[in-house]
Structures are given as structure tokens and as C-alpha cells.
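> let's see this in three dimensions:
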Amino acid sequence: MMEVTEMSTATTNKPRVRRTGRNADQAKADLLSSAKREFATKGLALAGIEGIAEPTGLNKKMIYHYFGSKEDLYVAVLEQAYMGIRKMEEALPLEDLEPLAAIRRLVESTWDYYVANPEFIALVNQENLLGAVYLKKSGIVKRRTSVLLKRVKAILKKGIEQGKIRPGIDPLQLNHSVAGLGFYYLNNRFTNSQIYNFDHMTQKALSKRRAFIVDFVMRAVMSKEEIARCEQ
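The predicted structure follows:
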């Protein structure tokens, strides 16, 4: 798990990229990386083309050349952000694990991804404030998310057949819960640190939250018989 200082500074650092020797693919990658930081920090409305181009060492005209407009660049950043977590999920060997172990791995990996990628949290939050009007322009995110739902559905079915997972669990609702339990904590870390008067982002606090989410979800999906076996 990443250190707390990384979480607090990841959206503010703007490393300058050397311009020499870059081809079109590298230039686009550099602009996307810079744009992710700019949009995550300032949002679409306040993010500036100059602020995106300057850290890359590229002329701002290259943004229009490669992406067409600031809005199209923002859509590309959103797609990249969502594809990042989808690729992480797809790389998980869930089908090779026992159903409960697969659910546990998904819960742990989702939390770890959120902690390691604070810009993802910021971008998703801001796009929700915009009513997802830009995400609607992308079909790839919806298609890739449906793959995860099918995998979770198959895991639940296998677990029910083995008597380890209780029947009646909606895969979509389970995905919402796995995501929401981590997203809320991290997205609201500043306000909640004030309200509850403790630092939500220390290593101890993050580890405690991770353990709680895992236990909470596992007890929610386990059959009564499996819970009884675990408590013996």
C-alpha cells in the first residue's frame, strides 16, 4: 500500500517531461498524464490548456492537434482513468481462486487501487458533479465494466453451489458496495478528518479501514453455514 504522503501530494506534483526524442504516441501519453493531474486538481472548468501543456514541454497547440479540444482531452482522460481500474480487475486471477477467496481479492484490490490512485477518485467525483455528461460520450467504459459484472456473477453462482455464499446477492449491488465502502472514505477524507477529529490517511487508519471493509463484505456474502464454520 502506498505511503500517506503520496496520497496527499499525488495530485499536485507536476514533473516536467523532456521533449527530446518523443514520437506521437509518447507525446499523447505525456499530455494525458499531465491532463489527468490538471483535471483531478482543478476540474474541467478551471483546468487550463497552458497548465496541461507546460509540464510536458509541448506547445499547447499539440493538444488541439492530438485531441481536438479540451473537452475531448477530458473524455480521453476519463477513459484512461476508468480503463486503469478495469485492467487491474481483469488481471486478477479470480477464476483460479475459491469463490470466497476471489471476492476477498477483489475487495482488497479495489481498495488498494483507490489508495494508490487518488486522481481516479477526484476525476470520478468531478464527473458525477457534471452529471456524467462526458462519460456518456464513451462506450468503452460501459463495455469493459460489464465484463466484471459477468465475472462476479459467475463467482457468486459457484459459491452458492458450494454452500459457501448465500443466495440472492445481486452482482451489481455487490460491486456498488465494494466500490462505495472505499470510495466514500477516501473521497471524504478531508471533511471526515475534521468531523471525527482524527487523521483518516495515516498508515494505521488506512490499514484498519481496509480490514474493516474486507470483513464487512465477506460477512455479507457468506452463507450462515460458512460463517458458523469460521467461528468455530
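> could you list the low-pLDDT ranges of the chain?
1-22 (pLDDT under 70).
> so where do the helices sit in it?
Assigned helices in the chain, in chain order: 4-9, 24-46, 49-53, 61-67, 70-91, 99-116, 118-129, 140-161, 171-187, 189-195, 203-221, 224-231 (criterion: DSSP state H).
> quick one: the ones you listed as JSON lines, columns for mean neighbour count too.
Bear in mind the C-beta positions are built from the backbone N, C-alpha and C, glycine included. Shown next, in JSON lines, are those (neighbours: other Cβ atoms under 10 Å):
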{"stretch": "helix 4-9", "mean neighbour count": "14"}
{"stretch": "helix 24-46", "mean neighbour count": "19"}
{"stretch": "helix 49-53", "mean neighbour count": "18"}
{"stretch": "helix 61-67", "mean neighbour count": "16"}
{"stretch": "helix 70-91", "mean neighbour count": "18"}
{"stretch": "helix 99-116", "mean neighbour count": "20"}
{"stretch": "helix 118-129", "mean neighbour count": "19"}
{"stretch": "helix 140-161", "mean neighbour count": "16"}
{"stretch": "helix 171-187", "mean neighbour count": "17"}
{"stretch": "helix 189-195", "mean neighbour count": "12"}
{"stretch": "helix 203-221", "mean neighbour count": "15"}
{"stretch": "helix 224-231", "mean neighbour count": "12"}
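> just give the nearest non-adjacent residue to K224, would you?
R166 (7.1 Å; Cβ to Cβ, 6 or more residues apart in numbering).
> actually H200, not the one I wrote
R189 (4.5 Å).
> do I have it right that that neighbour meets M201?
Yes. With contact defined as Cβ atoms under 8 Å, R189 and M201 form a contacting pair (5.8 Å).
> look up how far C230 lies from L148.
26 Å (Cβ to Cβ, to the nearest Å).
> just to revisit the earlier point, what residues are up against the residue nearest to K224?
By Cβ atoms under 8 Å, 6 or more residues apart in numbering, the residues touching R166 are 160, 221-224.
> which one of the residues you listed sits closest to G48?
V221 (45.7 Å; Cβ to Cβ).
> residues in contact with the closest one?
100, 103, 156, 159, 165-166, 169, 174.
> now swap in K150 and tell me
With contact set as Cβ under 8 Å, 6+ apart, K150 has no partners.
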